[in-house]
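Q: Okay, predicted coordinates and the sequence, questions at the end:
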Amino acid sequence: MKILVVPDIHGRRFWEIAKKRIKDCDLVVFLGDYLDPYNFEFIEVSEAIENFRDIMNFAHQNPDRVVLLLGNHDLPYYSEDYRGLVRRHSRWSREWHEVIKGIFDANHDMFKLAHVVDDVLFTHAGCSAQWLNELGLKPGSLCELESCLNALLATREGLLSLFMVSHHRGGFDDAGSCVWAHVTELVNDYDGLHFADCPTVKQVFGHTLQVLRDDDRRVFSGDPITTSTLKMLDTRCAYVLDTVTFEHSRAI
């Protein structure tokens, strides 16, 4: 299948390429983090909210063609239990919380943590075998893994497990969750996910922004981090992915 992958939004408008390319692709997958803009990009929270509303309108107009995943920045608005369990919320907006929560509440069932197409697992930050072992999760297939991950949203224990953060992001856990893992945990320490029906699981995720600064301190986007089985695409632009060849190209 041909998938249009939309990495972390944070109020940016690059996702609108999906309006142009949706007819060329089988599916559009948003990797989460729709709000909480970065200070250095000078996007107001109110602008990010309007952008989020536009994304939701797009999803409603294309209900069978759009997948909306949740990121670590979405969960405090999506779940009051998560917000109560976890004290640290980077760039979380107290002022606009109720407005954003209202949008998530009105569209609650449209969001999920994981989505599988062919042998490719899409999550916000990537899923490591070590994190699954820490949770005691032993799914027998890739589809079962997808169900196990999405079921974490239904319980307080599952929500708390999503705030497992390793030292790569200043946490104290041995492995980060599928919304908090750092790309280093997967690219450098990755031992792969293996199932009888899928010996080599391929993964697509975002979460670890790739930006660089030139000599004048101007910010520009870096490149995706990729291996034969992993693609970390958080570079402020969308990509077209072929799930069969596992090759990607920038969406234009």
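A: Here it is on my side, so go on.

Q: ranges for the helices of this structure?
A: For the chain, the helices defined by DSSP state H occupy 17-21, 45-61, 75-78, 80-85, 97-106, 129-135, 142-151, 156-161, 183-187.

Q: Compare those helices and give me the one nearest residue 201.
A: Minimum separation from residue 201 across those (C-beta to C-beta) falls at helix 142-151, 5.9 Å. No exception for glycine: its C-beta is placed from N, CA and C like everyone else's.

Q: Which residues does the closest one contact?
A: Residues from elsewhere that reach helix 142-151 (C-beta atoms under 8 Å, 6 or more residues apart in numbering): 112-116, 119, 121, 123, 127, 132, 137, 139, 158, 178, 193, 195, 197-198, 201.

Q: which of the residues in it are buried?
A: Within helix 142-151, the residues that count as buried by 16 or more other C-beta atoms under 10 Å are 142, 145, 146, 148, 149, 150.

Q: Also stretch 184-195?
A: Across stretch 184-195, burial judged by 16+ other C-beta under 10 Å covers 184, 185, 186, 190, 193, 195.

Q: now, which of the residues you listed sits nearest residue 88?
A: Of all the buried residues of stretch 184-195, residue 185 has the smallest distance to residue 88: 18.7 Å, by C-beta to C-beta.

Q: pLDDT wise, what is that closest one at?
A: Residue 185 is assigned 88 on the pLDDT scale.

Q: what's near enough to touch it?
A: Residue 185 neighbours (C-beta under 8 Å, 6+ apart): 126, 128, 130, 166, 168, 175, 176.

Q: now, among the buried residues of helix 142-151, which is nearest to residue 248?
A: Nearest to residue 248 among the buried residues of helix 142-151, with distances taken as C-beta to C-beta, is residue 142, at 19.8 Å.

Q: Redo the contacts of residue 185 as JSON lines? Include pLDDT and neighbour count.
A: As requested, the contacts of residue 185 are exported to JSON lines (pLDDT from 0 to 100; neighbours: other C-beta atoms under 10 Å):
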{"residue": "126", "pLDDT": "96", "neighbour count": "29"}
{"residue": "128", "pLDDT": "92", "neighbour count": "24"}
{"residue": "130", "pLDDT": "90", "neighbour count": "18"}
{"residue": "166", "pLDDT": "92", "neighbour count": "22"}
{"residue": "168", "pLDDT": "89", "neighbour count": "17"}
{"residue": "175", "pLDDT": "92", "neighbour count": "24"}
{"residue": "176", "pLDDT": "95", "neighbour count": "29"}
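
Q: So which of those residues sit within strands?
A: Among the contacts of residue 185, DSSP state E puts none in strands.

Q: Now do the phi/psi pair for residue 171.
A: Torsion angles at residue 171 (phi, psi; degrees, to the nearest 10) stand at phi -100, psi -170.

Q: pLDDT at it, what is it?
A: At residue 171, the model reports a pLDDT of 89.

Q: since we're on the nearest residue to it once chain neighbours are set aside, how many residues are nearby?
A: Nearest non-adjacent residue to residue 171, counting by C-beta to C-beta, 6 or more residues apart in numbering: residue 165, 2.6 Å away. Other residues within reach of residue 165, judged by other C-beta atoms under 10 Å, total 21.
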